[in-house]
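Peer 1: Any chance you can model this:
(one chain, ligands or ions: 1)
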Amino acid sequence: MLQYWIRCRCGHHDLTPVPNGQPRLRADVLRLARCSRCGMQAAEDMRILWKAGGNAFEGVHLMGTGELRKDW
Ligand SMILES: [Zn+2]
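Peer 2: Sure, this is the predicted structure:
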């Protein structure tokens, strides 16, 4: 499953599924994203991740390493 990892200027970051598995342009995602914590629109950074399997902690672990998965 493809996911966006999106970070807000307030420091909040989260993963959200990519609709239909068709990622939008980075510029569009950054512009359209809205933070669920502070409500601000326009994100500071985003990445596209491939999340395999159902382990909810996998994405968190990957974020901790600062590495992007290369297999998407
Ligand atoms: Zn925010």
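
Peer 1: L30 belongs to a helix?
Peer 2: Yes - counting by DSSP: H, G, I helix; E, B strand; the rest coil, L30 is part of a helix.

Peer 1: got a list of what it touches?
Peer 2: 42-46 (C-beta atoms under 8 Å, 6 or more residues apart in numbering). To be clear about C-beta, it is placed using only N, CA and C from the backbone, and glycine gets the same treatment.

Peer 1: Out of the helices and strands in this structure, which is least certain?
Peer 2: Least confident element among the helices and strands of the chain, by mean pLDDT, DSSP states H and E: helix 58-65 (a mean of 47).

Peer 1: circling back to that earlier point, would you mind giving the contacts of L30 as TSV with distance to C10, neighbour count and pLDDT added?
Peer 2: Shown next, in TSV, are these (distance: C-beta to C-beta, whole Å; neighbours: other C-beta atoms under 10 Å; pLDDT from 0 to 100):
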residue	distance to C10	neighbour count	pLDDT
A42	12	12	94
A43	10	21	95
E44	9	16	96
D45	12	12	96
M46	15	20	95
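
Peer 1: In CSV, list those residues along with distance to R34.
Peer 2: Below are those laid out as CSV (distance: C-beta to C-beta, whole Å):
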residue, distance to R34
A42, 8
A43, 8
E44, 13
D45, 15
M46, 13
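
Peer 1: Which of those fall within strands?
Peer 2: Among the contacts of L30, the ones falling in strands (DSSP state E) are 45-46.

Peer 1: Between the contacts of L30, which sits nearest Q3?
Peer 2: Nearest to Q3 among those, counting by C-beta to C-beta, is M46 at 10.4 Å.

Peer 1: thinking the closest one is in contact with V29, fair?
Peer 2: Yes - contact status for M46 versus V29: in contact at 5.0 Å, counting by C-beta atoms under 8 Å.

Peer 1: can you list residues touching both of those two?
Peer 2: Taking C-beta under 8 Å, 6+ apart as the criterion, M46 and V29 both touch 4, 6.

Peer 1: Contact distance from the ion - what residues of the chain qualify?
Peer 2: Contacts of the chain with the ion, taken as C-beta under 5 Å from the ion, map to 8, 10, 12, 35, 37-38, 40.

Peer 1: Among these, name the buried ones.
Peer 2: The neighbour count (16 or more other C-beta atoms under 10 Å) marks 8, 35 as buried among those.
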